[in-house]
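**Q** For reference, the sequence and a predicted model appear below.
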Amino acid sequence: MHPSEDPIACSGFSRRTFFRVAAGASALASLPLLTESRLAHAARPHFADPNIGIHIDANENPMGPSEAARKAMDDIIPRGGRYLFTMEEELAEIFAKQNGLDPESVIPFAGSTEPLHYTVLAFTGKNKPLVVGDPGYEAPMWAAQVSGAPIFKVPLADPSGAAMHDVKAMLAAASNPGVIYICNPNNPTGTITPRANLEYLVANVPKGTVVLIDEAYIHLSDAQPSLDFVKEGKNVVVLRTFSKLYGMAGIRMGFAVGRPELLEKIASFSGQNSLPITAVVAAKASLLDADLVPTRKKIIADIRTDTIAWLKSQGYACTPSESNCFMLDVKRPGKEVQAALAKKEMFVGRIWPAWPNQVRITVGTKDEMMAFRKAFTEVMSSSTAGLTPPPLPRRLAVHPHTHLA
């Protein structure tokens, strides 16, 4: 096709922007976009007031946005009456340049939840299953329910040790998967799936299968990122977010990274909404702050290491996390311990059915984790038998996103 005959080229949009505003969102206007915050909130007894007590249940970063990001948001507020689309393009180009990517391989989204759901919707269906690790982040499974895709949950390998994704078992789970989802580091365990295992997975997936690698927590670990799979043209989509290390969970900014033809299918679900300019400038300021990642990574790692060491000294096993969360084996039903801690206004993460005696702990501030030690000691020195969080109303139990949608 001659360039002048290309309707996208003639529109004044870049191809990436065109895909973002492509039609197709109206049919999915009611699609539940299940985020970590919604899942955590739905698990809190009585929908606990976030302003009361200590919340180490949603993998949030209590440090919040960096000073540079806060200033950038303050400075842009007077221009809040404008649609500043070009800033989205600039943000994608900065990220692409920093990582040696083609800018056409990067699309900004309001967090990584949207592209996660859209990837599952785009590439799964009744004959194209979703394959996930167990325990793992639940959001892809909600999207698969919308697409009608079968869901195959594969237990993590070495659950008492490395607790990594069992990539060979995931490959064997379905003959024609639409998407194989890997969260690395994994949520809720905080554990790493080694690079060699990911290479094996990418090299051996059936033709047409998309490997969706969620790197929401990658900045907190020493794991090698997976962006090079995109550079090599593999059938891989990588997700990034500013919610975790960058402390922007409530501000919402992230990226989907993949070959342009994969992104085209993903973005066809995303509608025509522009991104908040406050989020865009905060993300840009965060990317340009060279000290932010190593500084925060060390702060969180030090608190995590100290907390896990203390728990082990008390006789409790934890997953070998490289993230801002870990799983704690409480050696009794996890829901009982969760409920008992909630009575002390100490809110810890939810329980996964595959590991019923474990609870997820988010790494908070040093003071928060010291308070957790005190509350945990008190709870574990008493009986928790029969304690359970109050049941959710049926509507919320079935669709825990609805009260926040």
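**A** Cool, got the structure.

**Q** Pretty sure residue 238 sits against residue 227.
**A** Yes: using Cβ atoms under 8 Å, residue 238 is in contact with residue 227, at 5.7 Å. C-betas here are computed from N, CA, C, even on glycine.

**Q** Listing request: residues of the stretch 151-300 of the chain with sub-threshold pLDDT.
**A** Along the stretch 151-300 of the chain, the model assigns pLDDT under 70 to residues 272.

**Q** Just the strands from it, written as ranges.
**A** Assigned by DSSP state E, counting those that start in this stretch, the strands in the stretch 151-300 of the chain fall at 151-155, 179-183, 210-214, 236-241, 254-257.

**Q** To residue 54, which of those strands lies closest?
**A** strand 236-241 (23.3 Å; Cβ to Cβ).

**Q** contacts for the closest one?
**A** Here strand 236-241 makes contact (Cβ atoms under 8 Å, 6 or more residues apart in numbering) with 95, 111-112, 115-116, 119, 202, 210-216, 218, 225-227, 229-230, 253-258, 262-263, 266.

**Q** Within its sheet, name the partner strands of that strand and how each one runs.
**A** strand 210-214 (parallel), strand 254-257 (antiparallel) (DSSP bridges).

**Q** Surely residue 132 is in a helix?
**A** No: under DSSP: H, G, I helix; E, B strand; the rest coil, residue 132 falls outside any helix and is assigned strand.

**Q** Excluding chain neighbours, what is closest to it?
**A** Excluding its sequence neighbours, the residue lying closest to residue 132 (Cβ to Cβ, 6 or more residues apart in numbering) is residue 181, at 4.8 Å.

**Q** cool, and residue 69?
**A** Excluding the flanking residues, the one nearest residue 69 by Cβ to Cβ, 6+ apart is residue 282, at 3.8 Å.

**Q** next one: residue 209
**A** Per Cβ to Cβ, 6+ apart, closest to residue 209 is residue 177, 5.1 Å.

**Q** what do you get for residue 351?
**A** Spatially, and ignoring its direct neighbours in sequence, residue 351 is nearest to residue 334 (4.0 Å; Cβ to Cβ, 6+ apart).

**Q** Please list all residues in contact with that neighbour.
**A** Residues near residue 334 by Cβ under 8 Å, 6+ apart: 351, 355-359.

**Q** Tell me how far the residue nearest to residue 132 lies from residue 352.
**A** Residue 181 is 15 Å from residue 352, where distance means Cβ to Cβ, to the nearest Å.

**Q** Pick out whichever of these two has more residues nearby.
**A** Neighbours were counted for residue 181 and for residue 352 using other Cβ atoms under 10 Å; residue 181 has more, 29 against 18.

**Q** just checking, that one touches residue 212?
**A** Yes: when contacts are counted by Cβ under 8 Å, residue 181 is listed as touching residue 212 (4.8 Å).

**Q** Identify the contacts common to these two.
**A** 120, 140.

**Q** And the contacts of stretch 273-292?
**A** Residues from elsewhere that reach stretch 273-292 (Cβ under 8 Å, 6+ apart): 65-66, 68-73, 75-77, 79-80, 82-85, 87-88, 90-91, 94-95, 98, 108-110, 242, 245-246, 248, 251-253.

**Q** Quick check: buried residues in that stretch?
**A** 275-287, 292 (16 or more other Cβ atoms under 10 Å).

**Q** quick one: which of those is nearest residue 318?
**A** Residue 318 lies nearest to residue 292 out of the buried residues of stretch 273-292, by Cβ to Cβ, at 26.9 Å.

**Q** Residue 224 and residue 193 touch, don't they?
**A** No: under the criterion of Cβ under 8 Å, residue 224 makes no contact with residue 193, lying 10.8 Å away.

**Q** what about these two, which has more around it?
**A** Legend: neighbour count by other Cβ under 10 Å for residue 224 and residue 193, higher for residue 193 (24 against 15).
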